[in-house]
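> next input, structure requested:
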Amino acid sequence: MLRGKYSEKLIKTRIGNYAVTLPLSAIREFLLYAGKNKVEKIYVDSDEKSIIINSDKIPLNEIWGIGAYVRGWRYKDGLWFYKDVKFKHMIFTIYETFNDQEYYDLGIKGREVVDVGGGVGDTAIYFAKNGASKVITVEPLPVLVKEIEENLKLNDVTDQVVVINAALGSSKGKIHVPLNYDIYYSFSYKN
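As a prediction, this is how the structure comes out:
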C-alpha cells in the first residue's frame with residue numbers, strides 16, 4: 001500500500017496480450033515521454049519478465065522503472081545506470097535525488113552529513129559524489145541496510161559512508177523492525 005506523496009492508484013493495464021499493474025504516475029510519465037520521443041515498440045517479454053521499450057528492458061517487478069526510464073536511467077545486466085551512478089533496484093527516491101536534484105544546493109562540499117532514513121543509499125551516494133567529506137546514514141530496516149551496502153560498493157563510495165542499522169525517535173524505547181520488508185514500498189514504512 002502506498003502512502004503519502006505516492007498514495008496513487010495502481011492501474012491494471014495491458015501491453016499487448018500481457019496484463020501489468022503500474023503506478024498511475026508511471027503511465028502518465030510514459031505517455032508524456034512517448035509524445036516527445038520515438039517509441040518504435042513496446043511489449044512485454046514474458047520469458048524475461050520485462051517491459052521492452054524499443055530495445056531497452058524494464059523488469060516487471062521494478063514498478064518505479066518506467067519513471068526512471070523516462071528520466072534517462074537504463075537497466076542492464078541486473079543494474080540501473082545513469083551517468084556515473086548505478087543501483088541494484090529502482091525506487092522513485094533515486095531519480096528524485098539524481099534527476100530532480102532534491103538536494104542540489106545544500107552546501108555539503110567538504111562537510112560531514114548525517115542522512116536519517118538511508119533507504120537504498122541514494123542520498124548517501126549523492127552526498128558522497130557531490131563532495132561531502134563523510135556521510136553517516138542511519139536506516140532501521142535490515143533489508144535496506146544490505147541494499148545500501150551493495151549500492152555503496154557499486155558506486156565506489158564505501159570509504160566515505162558509514163552505515164548504521166538503527167531507528168531514531170523522539171523518545172527512549174524499543175521498537176520492532178521487520179527483517180524482511182519490500183524494498184519498493186520501504187519509503188512508506190512506519191512503526
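
> quick one: the spatially closest residue to Y126 that is not a sequence neighbour and D115, what's the gap?
Spatially, and ignoring its direct neighbours in sequence, Y126 is nearest to T97 (4.9 Å; Cβ to Cβ, 6 or more residues apart in numbering). From N, CA and C alone the C-beta is placed, and that goes for glycine too. Distance of T97 to D115, given as Cβ to Cβ, to the nearest Å: 11 Å.

> can you give me the strands in the chain?
10-15, 18-23, 42-45, 50-53, 56-59, 74-76, 79-82, 85-87, 112-116, 134-138, 161-164 (DSSP state E).

> distance to Y103 and mean neighbour count added to these, as CSV?
Shown next, in CSV, are the strands of the chain (distance: least, Cβ to Cβ, whole Å; neighbours: other Cβ atoms under 10 Å):
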stretch, distance to Y103, mean neighbour count
strand 10-15, 28, 12
strand 18-23, 23, 15
strand 42-45, 33, 15
strand 50-53, 29, 20
strand 56-59, 26, 18
strand 74-76, 23, 14
strand 79-82, 16, 18
strand 85-87, 14, 20
strand 112-116, 9, 17
strand 134-138, 12, 20
strand 161-164, 15, 19
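
> let's have those in TSV, adding distance to E147 and mean pLDDT.
Conversion of the strands of the chain to TSV gives the following (distance: least, Cβ to Cβ, whole Å; pLDDT from 0 to 100):
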stretch	distance to E147	mean pLDDT
strand 10-15	22	83
strand 18-23	20	81
strand 42-45	26	89
strand 50-53	21	91
strand 56-59	16	92
strand 74-76	16	96
strand 79-82	12	97
strand 85-87	9	97
strand 112-116	14	95
strand 134-138	11	97
strand 161-164	10	98
